[in-house]
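Q: Pasting the sequence and the predicted model now:
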Amino acid sequence: MQYYVPEDAHAGFPQIVPTWLIVAIACLSSLGFFSRFVSIDSYSMERLLDYQTTRALASSALEKGSIGANLRHANHYVHMITEHCQSRDLAPWENWAQWILGQFYSPLLRTQNPVWIVYGGKGDCSERSAVLQDLLWAQGIQSRFIGLGGHVVLEAQSQTETWILDPDYGLAIKTGIDEFENQASGELSGWLVQQGIAPCESLEYEQIVGSKDDNVRLDWNVPLSPRLKKIESLCEIAVWLVPLLCWIWIGWNVRPAQ
C-alpha cells in the first residue's frame, strides 16, 4: 500500500496549448516587434523627433505668446508636417497586433496614435485633427472633435477664446461652432477664397458647415473613437508583452529538472 503519490503521477496531464504553437507565436511576435526598428526611415524619424520636441516645448511656448498665436501656429505646424491622404492604413510592422485585428475589423487598420500618424506623415482630416488635439493637450488647451457632414475639425477653447481649427485645410478661425454654423451665406466662402482656397471648394466647405443636421459635437478632450483608441492602446502593449510572456513560458519549461 502506498501512502504517497509519486511525482511522476502528474506527468501525464495534457498541455492546453502545444509547445510548438507557443514557440511559433514567440518567434513571429518577436519578428513583428523588432521589425519596428529595422523599418525605421531616417526622414520619418526626423519628422517624429521634431514633433516630439515641439510637443515638449509647447507649454513654455504658450506662456510666451497669446493663445490665438499659439493655436494658429500649432494648426499650421500640423498642416505642414502631414499631408492629406484617405488611404493611409497601418502597416504590419507599426503594430502587428492591431494589424491582425484589422483584418477582421477594418476600422482598426486606421490609427488614432499621433506618433504613427506623424511618423507616416499622412492622414485624413480626422487623423490630422488627432495630432493637433495631442499637441493642444500638451499645452493644457481643451479641444473637441466636430464632425461636419464627413469632414472633421477641432474646436479649441481657452478661458477667454474659442477657435475652430482645421489642420486639413490649414485654417484657424476665431469663433465657436455655433457662430461657425450660422454665418451668413457667402461670408465663409468669401473668407476661404481670400485664404487661397479654390472658389468651388470654398462653396462646398460652406455648404458642409451650414448643413447642421449632420454636424456632430463630441465631448471635450476625448478621442474621435474612444473604444477603438482603448483597443489600440491594448494592442500597443501586446506588441512587446506577447513575445515577452511567450519566451518566459518557453524558458520556464525547458529549464533543467531539479
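A: Okay, I see it. Small disclaimer: the values here were computed from a predicted structure and weren't measured.
Q: What segments of the protein are strands?
A: Remark: strands assigned in the chain by DSSP state E are 83-84, 122-123, 142-148, 151-157, 162-166, 171-173, 215-217.
Q: So what sits opposite residue 162 in the bridge?
A: Beta bridges link residue 162 to residue 157 when assigned by DSSP bridges.
Q: so it touches residue 144, yeah?
A: No: counting by CB atoms under 8 Å, residue 162 sits too far from residue 144 to count as a contact (10.8 Å). All C-beta spots, glycine's among them, are computed from the backbone N, C-alpha and C.
Q: just to revisit the earlier point, I'd like the strands of the chain as a markdown table, with distance to residue 29, mean neighbour count and mean pLDDT appended.
A: As requested, the strands of the chain are exported to a markdown table (distance: least, CB to CB, whole Å; neighbours: other CB atoms under 10 Å; pLDDT from 0 to 100):
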| stretch | distance to residue 29 | mean neighbour count | mean pLDDT |
| --- | --- | --- | --- |
| strand 83-84 | 32 | 14 | 92 |
| strand 122-123 | 27 | 22 | 92 |
| strand 142-148 | 33 | 20 | 94 |
| strand 151-157 | 34 | 23 | 93 |
| strand 162-166 | 39 | 22 | 94 |
| strand 171-173 | 43 | 20 | 92 |
| strand 215-217 | 38 | 13 | 90 |
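Q: closest one to residue 93 among those?
A: strand 122-123 (16.0 Å; CB to CB).
Q: Where does pLDDT dip in this protein?
A: Scanning the chain with the threshold set as pLDDT under 70 gives 1-15, 59-65, 256-258.
Q: what sits up against stretch 125-138?
A: 51, 54-56, 58-59, 71, 74-75, 77-79, 82, 84, 88, 110-112, 114, 117-118, 123, 142-143, 145, 151-154, 156, 165-168, 221, 223-224 (CB atoms under 8 Å, 6 or more residues apart in numbering).
Q: Just the buried positions in it, please.
A: By neighbour count on 16 or more other CB atoms under 10 Å, the buried set for stretch 125-138 is 125-136, 138.
Q: neighbours of residue 56, just the number please.
A: Using other CB atoms under 10 Å, residue 56 has 10 neighbouring residues.
Q: where's residue 200 relative to residue 192, distance?
A: Distance, residue 200 to residue 192, using CB to CB, to the nearest Å: 11 Å.
Q: More neighbours: those two, which one.
A: residue 192 (21 against 9).
Q: how much space between the spatially closest residue to that one that is not a sequence neighbour and residue 169?
A: In this structure, residue 192 finds its nearest non-sequential neighbour in residue 202, 3.8 Å apart by CB to CB, 6 or more residues apart in numbering. Note on residue 202: its distance to residue 169, by CB to CB, is 10 Å.
Q: show me what contacts the residue nearest to residue 192?
A: Under the criterion of CB under 8 Å, 6+ apart, the contact list for residue 202 reads 188-190, 192-193.
Q: Repeat the analysis, applying 7 Å as the threshold.
A: Residue 202 is in contact with 189, 192-193, counting by CB atoms under 7 Å, 6 or more residues apart in numbering.
Q: Looking at those, which is nearest residue 233?
A: Residue 233 lies nearest to residue 192 out of these, by CB to CB, at 36.6 Å.
Q: Hmm, residue 207 and the closest one touching each other?
A: No: using CB atoms under 7 Å, residue 192 makes no contact with residue 207, being 11.8 Å away.
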